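got a sequence here, can you build the structure:
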Amino acid sequence: MNRLWKISVYLLLLLSIWVSVSQVAEVYATDLETLARNGIDSAEWQIREASDILEEFWGNVTDDTRREASKDINLASDHLHDAKSLLQVGEYNMSLCEACSSLFLAARSKYRMYLNMTNLRIEKANETIRNIPSHFGKPWYAIDVLQNATKIYRDHELSSYFEHLPYADNVLQQYEITQYIVFDRMEEARKELFSNDYSAYNLAAKAENLAILYQREQSKVFMHVHMRMEIEGKGTKKIYQKALHSIQYISKMVSGETMSTNRFVPDDFEVPASLETDRFRLRMLSVDDVEKDCEAVIESRELLHKMFGGPWPRRGFTLEENIADLKRHQQEFLSRRAFAYTVVSLDETRVLGCVYIDPPENTDSDAVVVMWVRQTEYDKGLDEILFNTVRDWISSDWPFKKVDYPGRV
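Have a look, this model is predicted:
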């Protein structure tokens with residue numbers, strides 16, 4: 001009797017376990033079915049959106065991109081068809097796997113198109129900048145914006161991470177990975193590439209517009225000078241030619257094109273760290289001066305236009321543009337290719353102007369020195385004082401025999 005009772009207990013226990021396993025399997029199957037249906041719905045939506053984008057931007061992408069994007073969409077459709085067929089026969093595991101592949105391929109086709117359109121936009125901006133006549137110089141602020149666009153683009157190029165789905169141990173893990181790649185990684189990358197205000201695409205468009213504006217303003221300046229040369233006749237031709245040379249030099253100076261490949265100063269020359277008078281101090285211009293320098297530049301915009309004849313600083317000159325400019329000047333100073341000094345008050349609270357000591361464009365001189373003071377200091381006569389001080393300093397402390405001072409008599 002005892003033995004019979006034990007056997008009954010064992011049988012009841014086995015039956016309980018079997019029921020529990022069946023219930024778990026049923027729940028698992030139900031969850032897989034739900035996930036498979038959700039995956040199919042997501043894939044269908046992605047395929048429709050990818051097809052719409054391909055149609056909308058057909059003329060804005062290259063032939064290779066159209067071909068690759070179309071191939072991805074067709075493959076996604078095939079996987080979607082297989083996912084639906086497997087779902088109907090209860091193969092939820094395989095159905096979910098096919099839905100994941102379909103979803104990924106459709107999303108990748110969209111990403112290919114956004115990537116290609118961004119690259120083409122960057123190339124177009126590059127071409128616009130390259131086509132600016134050499135005597136105009138180059139718009140360094142446009143170049144800096146374009147460099148930022150290029151960096152973002154390179155960070156989000158179609159890497160192996162987006163080329164195929166990573167390996168997963170099981171279908172549930174595959175589903176989670178696919179969701180993360182498509183709806184997190186690719187979506188974030190798309191925004192940074194194409195749709196955000198500071199996306200690579202929009203930055204490249206901004207760089208191109210800045211370059212076009214720069215060339216237009218430079219053309220007006222040069223046209224005006226040439227017209228005055230024709231009107232005034234031979235008597236003033238030399239004066240205008242000198243002004244034209246000054247404009248050309250300033251254009252190249254602000255764009256960073258005056259950098260010589262030869263040594264500007266001897267290797268054993270100790271570059272002066274500063275120059276101090278009872279009224280001001282000269283020291284290396286650095287990014288730490290950006291806010292005070294930008295304030296001085298903006299205050300003196302009209303004066304700088306009159307002094308140099310070029311478009312710098314443009315209307316709407318920003319702190320970001322000035323940061324890029326000061327970074328370049330600081331790098332040039334530290335590498336001994338050119339020397340930009342800020343002119344500051346003795347208590348360092350205000351920037352009063354700047355002095356630029358640059359290599360010459362030709363062999364007629366050893367250096368070219370350009371300087372300016374802010375409007376309020378110009379009105380107090382500081383411009384002439386600074387010029388005389390710097391000229392004496394260059395003569396006594398620098399290794400140059402012949403120095404040009406564009407725009408100065």
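
nearest residue to the residue nearest in space to the middle of the chain other than its sequence neighbours?
The centroid of the chain falls nearest to Asn148 when counting by CA atoms, centre = their mean (1.3 Å). Leaving aside its chain neighbours, Asn148 sits nearest to Leu203 (5.6 Å; criterion: CB to CB, 6 or more residues apart in numbering). Every C-beta, even on glycine, is put in place using the N, C-alpha and C of the backbone.

buried residues, stretch 353-369. List them.
Buried positions in stretch 353-369, judged by neighbour count with 16 or more other CB atoms under 10 Å: 353-361, 365-369.

quick one: it to chain centroid distance?
Stretch 353-369 sits 30 Å away from the centroid of its parent chain (CA atoms, centre = their mean, to the nearest Å).

and if you look at stretch 314-328?
With CA atoms, centre = their mean, you get 14 Å for stretch 314-328.

format the CA atom coordinates belonging to it as CSV.
C-alpha atoms of stretch 314-328 as CSV (Å, rounded to 0.1, in the frame of the first residue of the first chain):
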residue,chain,number,x,y,z
ARG,A,314,31.5,90.2,-42.1
ARG,A,315,28.1,91.4,-40.8
GLY,A,316,26.9,89.0,-38.2
PHE,A,317,30.5,87.9,-37.2
THR,A,318,30.2,85.3,-34.5
LEU,A,319,32.2,84.1,-31.5
GLU,A,320,32.5,80.7,-33.1
GLU,A,321,34.1,82.2,-36.2
ASN,A,322,36.5,84.2,-34.0
ILE,A,323,37.5,81.0,-32.0
ALA,A,324,38.4,79.3,-35.3
ASP,A,325,40.5,82.4,-36.3
LEU,A,326,42.3,82.5,-33.0
LYS,A,327,43.0,78.8,-33.0
ARG,A,328,44.7,79.2,-36.3
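
I'd like the next helix or strand past whichever strand or helix holds Ser51.
Following DSSP states H and E, one finds Ser51 within helix 2-56. Counting by DSSP H and E, the next helix or strand C-terminal to helix 2-56 is helix 63-88.

where along this protein do the strands fall?
274-276, 281-284, 339-344, 351-358, 367-373, 403-404 (DSSP state E).

each with direction, which strands does the fifth one pair with?
Spelled out, it's strand 367-373. Using DSSP bridges, the strands paired with strand 367-373 are strand 351-358 (antiparallel), strand 403-404 (parallel).

now distance to Ile152 too, for those strands, in TSV please.
Below are those laid out as TSV (distance: least, CB to CB, whole Å):
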stretch	distance to Ile152
strand 351-358	31
strand 403-404	40
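
where among those strands is average confidence lowest?
Least confidently modelled of these is strand 403-404, at a mean of 90 by mean pLDDT.

before we move on, the earlier item: tabulate the buried residues of stretch 353-369 (TSV), appending distance to Asn74.
Shown next, in TSV, are the buried residues of stretch 353-369 (distance: CB to CB, whole Å):
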residue	distance to Asn74
Gly353	65
Cys354	60
Val355	64
Tyr356	59
Ile357	63
Asp358	58
Pro359	59
Pro360	62
Glu361	57
Ser365	66
Asp366	67
Ala367	65
Val368	62
Val369	65
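
quick one: Ile132 and Arg216 touch, right?
No - at 10.4 Å, Ile132 does not count as touching Arg216 under the criterion of CB atoms under 8 Å.

which of those two has more neighbours?
Set Ile132 next to Arg216 and count neighbours by other CB atoms under 10 Å: Ile132 wins out with 20 against 10.

ok, and the closest non-adjacent residue to the more buried one?
Nearest residue to Ile132 in three dimensions, chain neighbours excluded: Gln215, at 5.0 Å (CB to CB, 6+ apart).

cool, Asn196 as well?
Distance criterion CB to CB, 6+ apart; nearest residue to Asn196, sequence neighbours excluded, is Asn202 at 7.1 Å.

isn't His377 right up against Gly353?
Just to correct that, residue 377 is Glu rather than His. Yes - between Glu377 and Gly353 there is a contact at 6.6 Å, judged by CB under 8 Å.

any shared contact partners between these two?
Asp383 (CB atoms under 8 Å, 6 or more residues apart in numbering).

count of residues packed around Glu187?
The tally of other residues near Glu187 (other CB under 10 Å) stands at 15.

for Arg279, that is, sorry about that
By the measure other CB under 10 Å, the count of residues near Arg279 is 15.

how much space between it and Ala76?
According to CB to CB, to the nearest Å, Arg279 stands 72 Å off from Ala76.

same check, this time on Ala340
Distance of Ala340 to Ala76, computed by CB to CB: 56 Å.

between those two, who's got more neighbours?
A count of neighbours by other CB under 10 Å puts Ala76 above the other of Ala340 and Ala76, at 25 against 21.

looking at it, that one is touching Arg48, isn't it?
No - with contact defined as CB under 8 Å, Ala76 does not count as touching Arg48 (10.6 Å).

ok, how many other residues are close to Val89?
Using other CB under 10 Å, Val89 has 9 other residues around it.

again with Phe136
Neighbours around Phe136, by other CB under 10 Å: 22.

wait, isn't it in contact with Gln218?
Yes - look at Phe136 against Gln218 with CB under 8 Å: they come within range, at 4.3 Å.
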